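Undergrad: model this:
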Amino acid sequence: MRVDDRTFGRAAFLGALGAGIAGLFFARDAFRLVGKVVPDRVESLVPSGGWRIYTIGASMPSIAPADYRLRIAGHVERPTTLTLADLRSLPRAEQVSDFHCVTGWSVSDVRWAGVRLDDVIATARPKQGWRSLRFVSDEAPYDDSLTSEQALLPDVMLALDMDGGPLSRPHGGPARVVMPQMYGYKSVKWVTGIDVRTDVIAGYWEQHGYDADAWIGRSTPPGIVPSVLSGSTLVDHA
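TA: Numbering: from 1, shown residues only. A predicted model of the protein is given here:
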């Protein structure tokens, strides 16, 4: 089954459930759970391997690696734009960590590789007093923020690779945030902008009632059973 172009709206998903088709993908209880916590306008794709991909629009962004640009601006001395090659020239970081979605599913032992956020924003020379990073997705209006303390935790990264290959389109390629200690909606996909800020603003999901600090096991929407805290195995290369 191809997942890039098979988009299922929430209404279509529920209709499929009534027809018995959705049983091929999800248990009945898990399916009802998704309906409680995913905003109406969010679409779903159903890939293999335990992942479920949510998109805000009718289709996911498609960015050719050669065309990718990451713009870093805001409270910085030198606003800059980085290509994918520029990002890959920064010190490489690798880790194995679990991924938890707030809707109740998880994928264990995901192998991520990319660059740490402090190395990324250092290229733009952040000014003293910055308090957060706002990550802007190519899938407008998807965005979210991490405080400076959260963004600089040792297992937070801008991922470029996953499970031994370049980050795929469904998983947010060419670049996405990975924040293993928080639920997946904080790990913004298709990142094309980083805004260095002196305040913290609510992202897309927070505007739909989700917590800004989405710590696994400590922050859950009503009706969700907390997952166990994830762990990460880290490898950074100078």
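
Undergrad: switch to C-alpha atoms for all contacts and neighbour counts from now on
TA: Noted.

Undergrad: Quick check: pLDDT value at the residue nearest to the spatial centre of the chain.
TA: Among the residues of the chain, Ser187 comes closest to the average C-alpha position under CA atoms, centre = their mean, at 2.6 Å. Here the pLDDT value assigned to Ser187 is 97.

Undergrad: With Val46 instead?
TA: The per-residue pLDDT reported for Val46 equals 50.

Undergrad: Which parts of the protein belong to which domain?
TA: 10-55, 65-236 (automatic domain parsing).

Undergrad: Out of these, which one sits most buried?
TA: Of the domains of the chain, the one with the most neighbours on average (mean count of other CA atoms under 10 Å) is domain 65-236, at a mean of 19.

Undergrad: picking that back up, show me what contacts the residue nearest to the centre of the chain?
TA: For Ser187, the set of contacting residues under the criterion of CA atoms under 8 Å, 6 or more residues apart in numbering consists of 176-179.

Undergrad: Widest-spaced pair of these?
TA: The distance between the two most remote of the contacts of Ser187 (CA to CA) is 9.8 Å, for Arg176 and Met179.

Undergrad: end-to-end on stretch 139-155?
TA: The stretch stretch 139-155 measures 25 Å between its terminal residues, going by CA to CA, to the nearest Å.

Undergrad: after the strand ranked longest in the chain, next one along is what?
TA: Secondary structure assigned by DSSP state E gives strand 106-116 as the longest strand of the chain. Using DSSP states H and E, the helix or strand that directly follows strand 106-116 along the chain is helix 117-122.

Undergrad: tell me the mean pLDDT over the helix or strand following that following helix?
TA: Secondary structure here is assigned by DSSP H and E; on that basis, the next helix or strand after helix 117-122 toward the C-terminus is strand 132-137. Here the mean pLDDT over strand 132-137 is 98, rounded to a whole number.

Undergrad: Give the pairing partners of strand 132-137; include direction for each.
TA: The strands beside strand 132-137 in its sheet (DSSP bridges) come out as strand 143-147 (antiparallel), strand 191-197 (antiparallel).

Undergrad: To Asp118, which of those strands lies closest?
TA: Taking CA to CA, strand 191-197 is the member of the strands paired with strand 132-137 nearest to Asp118, at 11.3 Å.

Undergrad: Just the residues contacting that closest one, thanks.
TA: Applying CA under 8 Å, 6+ apart, the external contacts of strand 191-197 come out as 68-76, 126, 130-138, 172, 175-177.

Undergrad: Could you name the helices and strands sitting against the helix or strand containing Ala73?
TA: Assessed by DSSP H and E, Ala73 sits inside strand 69-74. Packed against strand 69-74, as judged by 3 or more CA pairs under 8 Å, 6 or more residues apart in numbering; DSSP states H and E, are the following elements: strand 80-83, strand 191-197.
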